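*Asks:* Got a sequence here, can you model it:
(one chain, ligands or ions: 1)
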Amino acid sequence: MKRYAIGVDLGGTVVKIGLVSEGRVIDRATLEADSGNGLRCRLPLIVDRIETLLAVHQVSREEFAGIGFCFPGLADSDTGRVVSTNAKYDDAVEIDIEAWAQSVYGGEFYIDNDARMAVVGEWKYGAGRGSDNVVAMTIGTGIGCGVVIEGRLLQGVHHQAGCLGGHLIVDYRGRRCSCGNVGCAEASASSFFLNDIVQESNPQFYREHAPFDFRKIFTMAREGNEVARKICEECMDVWAAAIVNLIHAYDPEIVVISGGIMRSADLILPYLRWRVASLAWTPWGEVRIEASTLMDDAGILGAVECVMNKNRK
Ligand SMILES: [Zn+2]
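*Replies:* Numbers count the residues shown, from 1 in each chain. Just a heads-up that it's a prediction; the model follows:
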């Protein structure tokens, strides 16, 4: 029986590899991503980690279902090809990753956008379990998004439906985003842009305390720093605006939030719940806003779920 599969989450700074069985990550390995230098040079290292995991757990070929990839860009899960990148693994568009995976292990192969894989993980095994209408949003270096509607992963005709939630526009006169657009949620409140945001908001505060990450600025806000509190509130307003847009677009029952910012979930979740409830047009009630229960494992579990589905067909 094919009860083992590998999930590979190609993050911007770390590649996470998980051996999954029956909806649980039973062992894992990581390697430095060096994503600015492309994917090709990482593939031999990924093979090495996977072989080690399979050997340690004595997984036979008969038990091995395949490999699922979470990619930080747009991917076409039908053709198994990466379609578009944004400064991470830019050579992936030219690589036949499926042929590579099959030449090494055989088994099924699946690749899709990383945040979209995370929503599948949350829907099947995490905070979204029990609901068939789930939006997941990952807030970190960038902002990722994935959508399940009426029990189906939303793909769209060009495989980009639902996964560009970080590039919903929250301020059309705002900052230029890395995607080329202006005023995206990601450009207005993500780790990648946080230092720009603080510098523009309060140059003196920036000079005194730079560099910033969300952990640092939320800690300062928690300790009563008024400038930090105001900047944190502006970022949370941006996330709330993006969530309201997602609610209006997709009509979910639950929005699952993950990413590094959830270290400050005790501050962020109550604020987002209050703000979204007061702004969203949902006459039937309130959309639940919950923290991810899987965090880093969500994408790996989602990608493996998609591999298992191909095995079932
Ligand atoms: Zn953008």
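
*Asks:* give the contact list for Val104.
*Replies:* Contacts for Val104 (CB atoms under 8 Å, 6 or more residues apart in numbering) come out as 47, 50. Any C-beta I mention is one placed from the backbone N, CA and C, and that applies to glycine too.

*Asks:* Please report how far it lies from Asn113.
*Replies:* Val104 sits 23 Å away from Asn113 when distances are taken as CB to CB, to the nearest Å.

*Asks:* ok, now Gly23?
*Replies:* When distances are taken as CB to CB, Gly23 and Asn113 turn out to be 21 Å apart.

*Asks:* Neighbour count: these two, which is higher?
*Replies:* Asn113 (27 against 12; other CB atoms under 10 Å).

*Asks:* quick one, phi psi at the more buried one?
*Replies:* Backbone torsions for Asn113, taken as degrees, to the nearest 10, come to phi -60, psi 140.

*Asks:* leaving aside the residues next to it on the chain, what's closest to it?
*Replies:* Spatial nearest neighbour of Asn113, excluding adjacent residues (CB to CB, 6 or more residues apart in numbering): Cys163 at 4.3 Å.

*Asks:* since we're on the one you found, how many residues are nearby?
*Replies:* Using other CB under 10 Å, Cys163 is surrounded by 25 other residues.

*Asks:* Which pLDDT value belongs to it?
*Replies:* The per-residue pLDDT reported for Cys163 equals 92.

*Asks:* Next up, the contacts around it.
*Replies:* Cys163 makes contact with 74, 113, 115-116, 144-147 under the criterion CB under 8 Å, 6+ apart.

*Asks:* one more time with 6 Å
*Replies:* Contact analysis of Cys163 by CB atoms under 6 Å, 6 or more residues apart in numbering lists 113, 115-116, 145-146.

*Asks:* Please apply the same query to Lys310.
*Replies:* Contacts here follow CB under 6 Å, 6+ apart; on that basis Lys310 touches Glu108.

*Asks:* Please confirm that it is located within a helix.
*Replies:* Yes. According to DSSP: H, G, I helix; E, B strand; the rest coil, the state of Lys310 is that of a helix.

*Asks:* Pop the domain breakdown of this protein in here.
*Replies:* The record assigns the chain these domain ranges, following automatic domain parsing: 4-118+296-312, 130-291.

*Asks:* how many other residues sit next to Trp284?
*Replies:* The local packing of Trp284 (other CB under 10 Å) involves 6 other residues.

*Asks:* Now do the SS call for it.
*Replies:* Looking at Trp284 with three-state DSSP, the answer is coil.

*Asks:* Report pLDDT for it.
*Replies:* 96.

*Asks:* With the one 10 residues further on instead?
*Replies:* You'll see Leu294 listed with a pLDDT of 95.

*Asks:* How about Thr13?
*Replies:* We note a pLDDT of 87 for Thr13 in this prediction.
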